[in-house]
Structure formats: C-alpha cells, structure tokens
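Visitor: sequence? don't have it. structure:
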C-alpha cells in the first residue's frame, strides 16, 4: 500500500509542474529575480490567487498590514477583503512577514473576499473579463443579489464583455457542450438575445462575421431576420449539430490546404469559394483543439487518396465536393451555418466531446458522395483536385443518394449512416456522433472499454458505452441491410482479412476481436474482460509462451470468444479445428500426444515445423 | 487574543483500479504502479474533489468510490470554512472549471495539490502527482494517450460546490 506519510515539499512551493494553467502568469516563478535575490533586506515573495500568481518585493520587516495595503492597491480591492494564508495560517495584520517565517521565494496564498457575501472577485488574468461575465451569469442564477450587478450593467458594457469573450474564445476553456448551453439558458443572456438589436449588434461586431460579410454581402441580410438569428441560437445550443457542420466543412479545409498548390478549378464558383474561405476560421479552431489522432489518420488518407478509384473506397476527394455540393443548394441554411459558426466560436469548439466525436467522419460525412458524383469524382480524383462541380445536384438527389450509398469499409472508415444533413436539425446528432466514432473506430472502443472497466471509471459512461454498443449493433444491422454491393464486397474482404489474421496469428485474436465487436458481428462480451485480456496481452508480450498455462489460457480465450461469437466468426474456431490439418500431420509423424501437439501448434501459431521442433525438445529427443 | 482554530486537513486517497493496477501494471506498462489514484481533500467535515463536472463536495467518503483506500494527514489550517469556500469559488472560475478537467494535466490530484498547499502549505505525496508522468513515460501510455486524454472522471455522489456564503 502506498506510503501514507505526508512528504514535506522539497521543491519550492511556487512550482506546479502538473498544472497547465491557461491563466496568465504575470510573473514566472522560475524567473530569477535579477535585482535583489539574496539581499538580506528585501525578499521576493510570490502571491498566489486562485487565478494567477505574482511576485512581490518586500522588505523583511514589512508588516502584514503594509503588505496588505500594497496588495489592495495592486488588486484594486478593499484591504478588508484580503485574506492571506501562509502555510495554512492566516496572516494577521500586526505580524511582520518575517515573523511568520515568510522568506525569499515563499508563496503566500491570497483570497479576496467578495463585496457581497455571495460573490467572489476574480482578478487579473486573461480570462478575467470572460470569467467575470460568466460569474455574473452564475451568480445571477443562484443568488438574486448577484443579479443586481448584471442588471445594472447597461447593455453596452455587457456586449463588450461578450465580444471580449468571443475574441478570447480560443483562450477560454469552454470545451464542453454544457457550458454554452448553460450560458444560453441564463435568463440574462436570453433576455439580451431576445432583443434583436442587441443580437444584431453583437453578431455584427464579431470579427468572423464581419469578415464573412465582407466576402459575401448577402449574408448581412440574415442579421435582419430574427427568426434566422433564433435558429442560429438553436443551432448553437445544439452543439452536436455544429460539430456536424464543422465536420462537413472540415474536409474541404483539409483538402484545400494540402492541395492548394494545385489549381482549384472550381474556386471561381463564387459561393463555393466563399465557403472555402469561411472555413478557415472554424477549422482553425478545430485544428487548434482537436487531437491529432483522428486528424492525422484522415488527412493522410486524404492526401493518399488520389490514385484510388472512387467506387469502393471512401471517396475523400468527392467528399469535399459532396460538402460543397450540399451547401450551395441550401443558401439559406448555409448562411445560417456561417452565422452559427460565428456564434459557435463563442461556444468554441468543445475540445473534449469534439475529440471524442471526432469521428472525423470528415471525409466521410460526405461519403454522401452521391452516385452521380461518383463518376465525376472518379475523373477528378486522379487529379487530386477538389474541383467544385456545378450545382446541378438537387437536394432530392442528395437525399436519395444518401440512402443509397453507404460505404462501409475497413475498420478505419466511416459508415455513412443516415448522415442527416444539417438542415434536418435532429437532436439525435449527439448519440449519432458518438456512434459514428464507435463505428469508425472499434479499436478505440475496445481500448476505451478495457480501460474503463479496469480503472472502474465513470460508471455512467460505462453504461453509455454499453448502450451505444447495443445501438451500434443495431446500427450495423441496419447498415448491413442497406449496404450496396460494393460495401458488402468490402465487408467480405474485411472478413477474409480478419480470418487470415486469426489463422496466422491467433495471438492477435484479442486485438482482432474488438474489431469484430465494433463491426457488430459479435455481441460485446461481458465485463469479465479484464480477466481475459491480460492473459492475451501477456501472450503477445511473451514471444513464445513458455508455460503451458499460457497456451491454455489463450485457448480458453479463443473458446470463450467462440462461444460468444455468432456464426460469421469462423475466425474464432477453437485451435483444434484451425490446426486440424497440422494436428493430423503431427500425428502421422508419430507425435501421439494430442494435447502436447495442440499446445505446440498454438505456441508456434500453426507453424508445423516449429511445432515439431518444440515437441521433439519437450519429449527429449 | 483567542488561539486560532485549527482545522485538520486530510487527504483521502482512492485507488480507482481497486488493486488491478498493482496487479497488472508490470505486465501492461512495464513498471509497477501501486494504483490509479484519485484524491480528495477533507476539511471542515466535507470532502472536496475535482472532476469533469467541476469542483464537487460530499460528506467524507460519500462518493460512489466508498471509503478511501488510505488517508493522509496533510496538516491543519486556520482557514475558516467561509474563506475556504470563497477560495473554492474562485478556483471554480479559474483553474478548475468542469471543462478544464484533463485527465493528465489538470485532474483531481492537481486540484487536491493546489488546495492542500493553500490550506497548509504542504503538497500531497509525490507518488500521486507523479502518476500521469509515470504512465505517459511508458510505451503503452504513449500509445493510448489519445484515448486516455478523453477520459473524464467524475466520481458520483457529490454535488457542485456552490455555496460561497458559508452554508454547509
């Protein structure tokens, strides 16, 4: 058990290596104070508030009272609001700092009590304006006295706060979808936003929107329609929807950038060109926030897409065309999206959920590549140019193609579920995204599940995952039924590949099995997984399992999986069946011990000659 | 002058893996981890911890994790409950909002460490705060990092700390 004694800090209190705080550190703790480092008469102390920390030079004989005066001037608050804590002791005015043992380099904690008993004040950090605003909201929610302040604050100062927040949206850690929802639900915000003028001013002040309006003057008219504005807000509330939009737009960006050297045939098309230009703003946020994991896979995919034929593989070049196809036909909605983009920069791409949902169904989202597009794409793909086709494709064709084309490819690719176009605005997007991710990355799911079960983390999410798994299997059923011939061909290729894997390297079966689960062929196993997995992992680590128990365990694992598996999974046959040929061979050669043969074969993964060597050794030839 | 009240500050340490980490870490990670530690600070007869939903509190031992696996005495503090709650409110708006939770870089132990230093000047034991770097220094940890990054821990059973005016 861990050592339960408390270890006194050896390091100076000022260093916090584990905290990547985004608040501004006005003074770096590591920076040596140049002037009076070791002077006996003055010391540098660090004052740490919850939001930031700063250095102060003080003379050794400074009293706490004097120090507080200094601080109150610095933090602009009343001296009575200051509470100084050092080593857990409250500092009283009449002491001197050195009496309390405060020496050079020590950290004093500061809490600034709020004026009203219900509010606390946050000081000088980059987030202060935003956090103050947030705080005003929160206090408005929970304490009526707090409402006084926001209520008294006239519209104008609130708006700059809002726009400051917009401007700082990338700095804000508003990564979860709940935060902007909360914000939007705040009655103050609702009140503000229901005022059309306010909203209009607010939107038009946003730099993104201003830029957009410059490029696309007709967009400005949306600011006049309160319905559109409200729709935008609704979209903003439904963050998942925005993710949807983001992801549709993103592959365009992905392709635009890497292929920028090549000629953009379609860029003359004005609406599409504008689309392309308006993406960077959002995509920058995406890029800045998202993990590279999803991004790299698919950008690589995109860049390597060129020589492939469009048909079987997930058409990635077609996708941007797909995206851009959809949008021109929906001018109103597009406009809404761009304005919702503006708003969503408030909401700022939620890093966390976004990462999880980063099904980078990117390219995908529009594997809505319509059939009609396919041949166009086939032509253009080799050129690797995201040529923007003319806007012949009606929405109708899109919808019907959407239903028709479902490209289910190998585990990495996305299954094009009912990618509901953004204009449908269905609220099932949130689980949809999650499911998309799970469908796309069954490996991810498996690993996540393993860790979750092992670490016994959030029970909630475990249940969610299990539910999503069930849904996933249902979805996969749906997909199977809807799949086009190309898809089923691809699936059979996967099957064969996996069979091959399983036969050649049964050791890797535990890795393969998650993919099977992910593809919905196997029901998810019960959560005794941790017991079996470590054995399998142990298996993979040990090059040649030396002990028979390992072989047994892997056999058990396989059999267990087999019992769970349905018919399609011939991959998980018991080793006896898989190695039956080799077993016969061995028996013919005279190795009579069935069990030993089996074990040897499993150990050598079906390699007969190696198994023979093993058997000979073990039988003492 | 009355003697200042000293309030004891304890660190509740939970092993999230319930022993699995000690058993499996050598084979999985290649190094021995004694546990996956979740910590919370207990002071003023309340347990405070940080999770994906922000700073929460509950009666000591009142989360779904049950009683702690070990209790570390951090020291004692003069900070009153009122001041402490003010402090927590400030933290809630700055460093420890729900959305700032990151399983490696800004997690429950980060929070506990901050609070412990505020309350007593002591840090929490290093084997707890070193855990993320321990994990990330293994090949498996690095490989799984994208998945692990998305883990959001939130022990159930607490409620958000929302009482700056000192009510318990």
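Guide: Right, received. Where do you want to start? Small disclaimer: the values here were computed from a predicted structure and weren't measured.

Visitor: Distance from the chain centre to the least confident helix or strand in chain B by mean pLDDT, please.
Guide: Taking mean pLDDT, DSSP states H and E as the measure, strand B:159-160 is the helix or strand of chain B with the lowest mean score, a mean of 80. The gap between the average C-alpha position of strand B:159-160 and the chain average comes to 15 Å, counting by C-alpha atoms, centre = their mean, to the nearest Å.

Visitor: That strand close to chain A?
Guide: No. Strand B:159-160 does not reach chain A (C-beta under 8 Å from any C-beta of the partner chain); its nearest approach is 10.2 Å. All C-beta spots, glycine's among them, are computed from the backbone N, C-alpha and C.

Visitor: How about stretch B:131-149?
Guide: Yes. Under the criterion of C-beta under 8 Å from any C-beta, chain A is reached by stretch B:131-149 at B:132, B:144, B:146, B:147, B:148, B:149.

Visitor: and if you look at stretch B:16-31?
Guide: Yes. Among the residues of stretch B:16-31, B:16, B:17, B:18, B:20, B:21, B:24, B:27, B:28 lie within reach of chain A under C-beta under 8 Å from any C-beta.

Visitor: ok so, going back, tell me what the least confident helix or strand of chain B is packed against?
Guide: The contact analysis (3 or more C-beta pairs under 8 Å, 6 or more residues apart in numbering or on different chains; DSSP states H and E) places strand B:159-160 against strand B:54-58.

Visitor: how far is the strand it packs on from where the chain is centred?
Guide: The answer for strand B:54-58 is 10 Å, by C-alpha atoms, centre = their mean.

Visitor: And the contacts of it?
Guide: Taking contacts as C-beta atoms under 8 Å, 6 or more residues apart in numbering or on different chains, the residues outside strand B:54-58 that touch it are B:46-50, B:88, B:91-92, B:96-98, B:101, B:111, B:154-155, B:157-161.

Visitor: just checking, which of these belong to strands?
Guide: Secondary-structure check on the contacts of strand B:54-58 using DSSP state E: residues within strands are B:46, B:47, B:48, B:49, B:50, B:159, B:160.

Visitor: Now tabulate the residues you listed in JSON lines and tack on neighbour count and distance to residue A:68.
Guide: Putting the ones in strands among the contacts of strand B:54-58 into JSON lines (neighbours: other C-beta atoms under 10 Å in any protein chain shown; distance: C-beta to C-beta, whole Å) gives the following:
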{"residue": "B:46", "neighbour count": "19", "distance to residue A:68": "29"}
{"residue": "B:47", "neighbour count": "23", "distance to residue A:68": "32"}
{"residue": "B:48", "neighbour count": "25", "distance to residue A:68": "27"}
{"residue": "B:49", "neighbour count": "28", "distance to residue A:68": "32"}
{"residue": "B:50", "neighbour count": "34", "distance to residue A:68": "29"}
{"residue": "B:159", "neighbour count": "11", "distance to residue A:68": "34"}
{"residue": "B:160", "neighbour count": "13", "distance to residue A:68": "31"}
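
Visitor: will you turn these into a markdown table that also has distance to residue B:6?
Guide: Formatted as a markdown table, the entries for the ones in strands among the contacts of strand B:54-58 read as follows, by distance: C-beta to C-beta, whole Å:
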| residue | distance to residue B:6 |
| --- | --- |
| B:46 | 17 |
| B:47 | 19 |
| B:48 | 18 |
| B:49 | 23 |
| B:50 | 25 |
| B:159 | 27 |
| B:160 | 28 |
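
Visitor: In the helix or strand harbouring residue A:494, which residues are buried?
Guide: In this structure, residue A:494 sits in helix A:485-504 according to DSSP states H and E. Within helix A:485-504, the residues that count as buried by 16 or more other C-beta atoms under 10 Å in any protein chain shown are A:486, A:487, A:490, A:491, A:494, A:495, A:498, A:499, A:501, A:502, A:503.

Visitor: Show me which of the residues of stretch B:16-31 next to chain A is closest to residue B:66.
Guide: Compare each of those with residue B:66 using C-beta to C-beta and the shortest gap goes to residue B:18, at 9.8 Å.

Visitor: Secondary structure element holding the closest one?
Guide: Take DSSP H and E as the rule and residue B:18 turns out to sit in neither a helix nor a strand.

Visitor: Check what pLDDT it gets.
Guide: Confidence at residue B:18, expressed as pLDDT, is 85.

Visitor: what's the answer for the one 10 residues further on, then?
Guide: Per-residue pLDDT puts residue B:28 at 82.

Visitor: can you count the residues close to it?
Guide: A count of nearby residues for residue B:28, using other C-beta atoms under 10 Å in any protein chain shown, gives 22.

Visitor: got it, and residue A:80?
Guide: A count of neighbours around residue A:80, defined by other C-beta under 10 Å, yields 9.

Visitor: which ones are touching it?
Guide: Going by C-beta under 8 Å, 6+ apart, residue A:80 touches residue A:113.

Visitor: Confirm that it lies within a helix, as I assumed.
Guide: Yes. Per DSSP: H, G, I helix; E, B strand; the rest coil, residue A:80 lies within a helix segment.

Visitor: Please report the distance of it from chain B.
Guide: When C-beta to the nearest C-beta, to the nearest Å is the yardstick, residue A:80 and chain B sit 13 Å from each other.

Visitor: separation between that residue and residue A:72?
Guide: 9 Å (C-beta to C-beta, to the nearest Å).

Visitor: now for the helix holding residue A:494, which elements pack on it?
Guide: Using 3+ C-beta pairs under 8 Å, 6+ apart as the contact test, the elements touching helix A:485-504 are helix A:459-482, helix A:509-518.

Visitor: bridging residues for the residue nearest to residue B:108 when sequence neighbours are not counted?
Guide: Setting aside the residues directly before and after it, residue B:108 is nearest to residue B:50 in space (C-beta to C-beta, 6 or more residues apart in numbering or on different chains), at 4.8 Å. Listed by DSSP bridges, the beta-bridge partners for residue B:50 are residue B:55.

Visitor: State the distance from residue B:50 to residue A:74.
Guide: From residue B:50 to residue A:74 the distance is 28 Å (C-beta to C-beta).

Visitor: hang on, the earlier thing: note down every partner strand of the least confident helix or strand of chain B and its orientation.
Guide: Strand B:159-160 has the following strand partners under DSSP bridges: strand B:54-58 (antiparallel).

Visitor: per-residue confidence averaged over the helix or strand just after the partner strand?
Guide: Toward the C-terminal end, the helix or strand that comes next after strand B:54-58 (DSSP H and E) is strand B:70-77. Per-residue confidence for strand B:70-77 averages out to 90 on the pLDDT scale.

Visitor: For strand B:70-77, what is the distance to the chain centroid?
Guide: The chain centroid and the centroid of strand B:70-77 are separated by 13 Å under C-alpha atoms, centre = their mean.

Visitor: Which other helices and strands does it contact?
Guide: Here strand B:70-77 is seen to pack against strand B:7-15, strand B:37-43, helix B:108-120 when contacts are counted using 3+ C-beta pairs under 8 Å, 6+ apart.
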